[in-house]
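Peer 1: next one to model:
(chains A and B)
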Amino acid sequence: MRILIVDDHAVVRDGVKTIVAERYSEVVLGEASSASEALELARQQEWDAVILDISLGGRSGLEILKELKQLRPKLPVLILSMHSEAQYARRAFKAGAAGYLTKDSSRAELVRAINKVIEGGRYVSGALAEKLVFDIERGTGGPPHESLSDREFEVMCLIASGKTVTEISEVLSLSDKTISTYRARILEKMGMKTNAELTYYAIANKLVQ
Amino acid sequence: MTVEINKIQRLIIVVLALVSPSAVAQTALETPRPIRVVMDNAYAPFAFQSDEGTSQGILIDQWQAWEKKTGIKVEIHAMDWGEALRRMRAGEFDVIDCIVETADRRDYFDFTPAYATIEASIYFRADISGITDLASLKGFPVGVKAGDQHIDQLKANGVTTVIPFENNDAIVEAAKQHKINVFVVDDPSAIYLLNKMGIEEEFRHSPPMFRDELRRAVRKGDAALLSTVVDGFAAIEPGELKEIDEKWFGRTINRYGRYVTYAGYAGVVAILLMAGLVGWNRTLRKRILQRTAALGESEQRFRQIAENIHEVFWLIDMVKQTTLYISPAYEAIWSRTCESLYQAPRSFIAAIHPDDRARVVDAIETDREHGFEVEYRVVRPDGSIRWIWDRGFPIRDKSKRFYRVAGLAEDITERKQAEERLKATSEQLRALSASLSSAREAEGTRIARELHDEMGSALTSLKWDLESIEKSCSEAGNQAASSNIREKIAGMTKVIDTTLDAVLRISSDLRPTILDDLGLLEAIEWQAQQFEARTGIACQVDSLVENVDLSREKATAVFRVLQEALTNVLRHAHATRVNITIAEEEAVFAFELRDNGRGITEEEKTGSRSLGLIGMRERANLVGGTIEITGNGERGTVLTLRVPIHGQDSA
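Peer 2: Numbers count the residues shown, from 1 in each chain, chains lettered A, B, ... in the order given. From the prediction side, this is the model:
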């Protein structure tokens, strides 16, 4: 078992080392306090997992995450961060993280997370999970038009009722370009390609008369 | 003048010639012892022939009066003067009249006192020059009446070429025929005859050379007759003598008097006219004086204004392209003489700073008929620069034709400099504000990071250690002791959690690291979620862009404006919903925050208490952005922030 710990704070590294060492008897722990060190170690040696702080002095941990994943696409990376904002977690997952754990988590949670990612699973700390699930629901659950914002929904209805881009821009006091952007985003979110599909959908779902 | 006098004299002669013969007294020869009186027959107005050949004149009338006084008959014999003298001397007559006393004549005659004075002059052809006195007559043949007393005086002055004539008529006749060119004759006769023969223009005369006293004379030694003659004339009333004089001279005057009367009338009219004119003139003068004074006062007032005000007044003739007026302040401001501008109106253009010249000329050319206003610099001859604010006002003549421009130029250098200083100060203030703001953000960022990472990490580590102790305790025996310790540990863990929360919150308040780590869009989204979670006001973010490439300063400005706007919504709007739209249009980042609250009022927008708005505007301003706030009454408030994506980052 080989785990690389990347954090610019020695106390955190020590803490993590203690916890990991307690849990796994035969573990090799690598330490890096900076991005370059981390990348160097990742390049030189094989690791089973990386525990990475997102806020390394200097370069953003997210950038290192991307580079790590390019270097070792299959290497699971668990983010251990002070940031409890969902935006960080989402961004981390987008960049290829296997798990996202905030530093206020308990030792037990840390151990669970490490286990989960080493096994190839995903992990999100409790409070964040709710937020992310809400996000995901908004993105995937329910009928497609519910993922639209109010303004997008308004624009969709106007398109479906046969108005041109120019007419819509006049109604909403927005530029043609903005309306075109809205249209593109609506089609993307709805997974459609033409205004006709959109119109059909809107009528079928009784969104317009 | 001479011509005028000649004309008057000629007139008199003509008048004399026309005197009616009926006025001439006929001498009655009734008394047994008449006295015989001889006299010249061609000596007007004393004695001369009428056209009918009868004698007439003053002397004739006087002798008639004498006759009446003395009762002595008088026989008048009029003839050529030479003959008269000769025959008198020969004893043919008792009395000779109209004679001048000379030394020679005293041998033969006794003379009465003078009763009249007569003048004689030298007459000469107009083409002869140099005749001014008797001496200058030397060498000229001079015509003189035979027997004339002047002959002696001419000879005494060396004039030897005296040619005697029978009478004055003969002299002038000879002169007319160019037989003589110079003659000496009594003035009345000469003028009469010259006029009569129509040659008055051909002759000139000297000033009077002779002044002769006319007397009467009797034969030498005849004292009785002399006294009779003298007494007789003395007996005649002065009034009667005067009447006679007036009759002959008066006739002259009367004849001439018609003209005199006319002249009189004319004179009266002229005088009246003159008086009128004088009156009118006086009134006019008075008025002119008043007007002149008023004008003078007006002119003075204008001058006092124009010459004492620091601004330059000017007046240009557009037709002739000339400077009509430039006030003296020009010299002080332009350091050029007014005269130089009058001489060369185009020097005005030359004085303008080269960088401003085209603009000024263009402004004047374009707007001169409607009035113009332009600011420019002038370069003084010493190279120094003054700022001028110049305004021109078109002037139209009565036919509405644009023909002049009046203007006012002001030296605004001081004002410009103050403006520049103010601008500089303002820019410095803004830069200071920006740098303060930037420094505060930087400081905030640093502290936030320290708090967040260092303290966060330390607290995390502490917490894990406590957990480790707690675990050790639960594994060890001594239930009572461990339970006590575990309780304490649980309390400490709770404090750590609370402290960690506080640290993160303080850090985030100072400067959300998300803005630096994840960018503006994520930060806005996060802020919206935070706001919604904290206030319960629904806050939706609608971004039309995937990411925004704004500089750190601009992103910070947008984020701070968002925070301030959300604070305002919470405090004032009474809204239940906030919609944020993010878009990018033509390299401008546009951020719109729309609430469904009560809508901002105009007063709130401009009021001095709207420090939040001022702060927002200032933040936007620092990064070259603009903020637009519209209150829509019941439909809420819309705040739009626009920031150019490229360029202009404050220090």
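Peer 1: and the residue of the stretch 101-250 of chain B closest to chain A?
Peer 2: residue B:201 (110.9 Å; CB to the nearest CB). No exception for glycine: its C-beta is placed from N, CA and C like everyone else's.
Peer 1: quick check: domain ranges of the chain?
Peer 2: No chain in the question, so chain A it is. For chain A, automatic domain parsing gives the domain ranges A:2-137, A:144-204.
Peer 1: you looked at the wrong chain, it should be chain B
Peer 2: Taken from automatic domain parsing, chain B resolves into B:2-236, B:312-411, B:417-511, B:519-651.
Peer 1: residues from chain A in reach of chain B?
Peer 2: Selection of chain A residues close to chain B by CB under 8 Å from any CB of the partner chain yields A:7-9, A:11-12, A:14-15, A:18-19, A:54-55, A:57, A:60, A:62, A:82-88, A:91, A:103-104, A:106-107, A:149-152, A:174-175, A:177-178, A:181-182, A:185.
Peer 1: pull out the buried residues from those.
Peer 2: A:7-9, A:11-12, A:14-15, A:19, A:54-55, A:60, A:62, A:82-88, A:91, A:103-104, A:107, A:149, A:151-152, A:174, A:178, A:181-182, A:185 (16 or more other CB atoms under 10 Å in any protein chain shown).
Peer 1: if we can go back for a sec, okay, and which of the residues of chain A next to chain B map to helices?
Peer 2: The helices, defined by DSSP state H, take in A:11-12, A:14-15, A:18-19, A:62, A:86-88, A:91, A:107, A:150-152, A:177-178, A:181-182, A:185 from those.
Peer 1: what is the burial count for residue B:299?
Peer 2: Residue B:299 has 11 neighbours, counted by other CB atoms under 10 Å in any protein chain shown.
Peer 1: which SS class is it?
Peer 2: Put simply, residue B:299 is helix when judged by DSSP: H, G, I helix; E, B strand; the rest coil.
Peer 1: how close does it get to residue B:325?
Peer 2: 12 Å (CB to CB, to the nearest Å).
Peer 1: ditto for residue B:641
Peer 2: Distance from residue B:641 to residue B:325, by CB to CB: 56 Å.
Peer 1: comparing those two, which residue is more hemmed in?
Peer 2: residue B:641 (24 against 14).
Peer 1: ok, residues contacting the helix or strand containing the more buried one?
Peer 2: Secondary structure assignment for residue B:641, by DSSP states H and E: strand B:637-644. The contact list for strand B:637-644, computed with CB atoms under 8 Å, 6 or more residues apart in numbering or on different chains, reads B:550, B:554, B:557-558, B:561, B:565, B:569, B:573, B:587-595, B:597, B:599-600, B:616, B:620, B:623-632.
Peer 1: narrow those to those in strands?
Peer 2: Among the contacts of strand B:637-644, DSSP state E puts B:588-595, B:626-631 in strands.
Peer 1: if we can go back for a sec, just the buried members of the contacts of strand B:637-644?
Peer 2: Among the contacts of strand B:637-644, the ones that count as buried by 16+ other CB under 10 Å are B:550, B:554, B:557-558, B:561, B:565, B:569, B:573, B:589-595, B:597, B:599-600, B:616, B:620, B:623-625, B:627, B:629, B:631.
Peer 1: hmm, which helix or strand of chain A has the shakiest average pLDDT?
Peer 2: helix A:126-140 (a mean of 64; mean pLDDT, DSSP states H and E).
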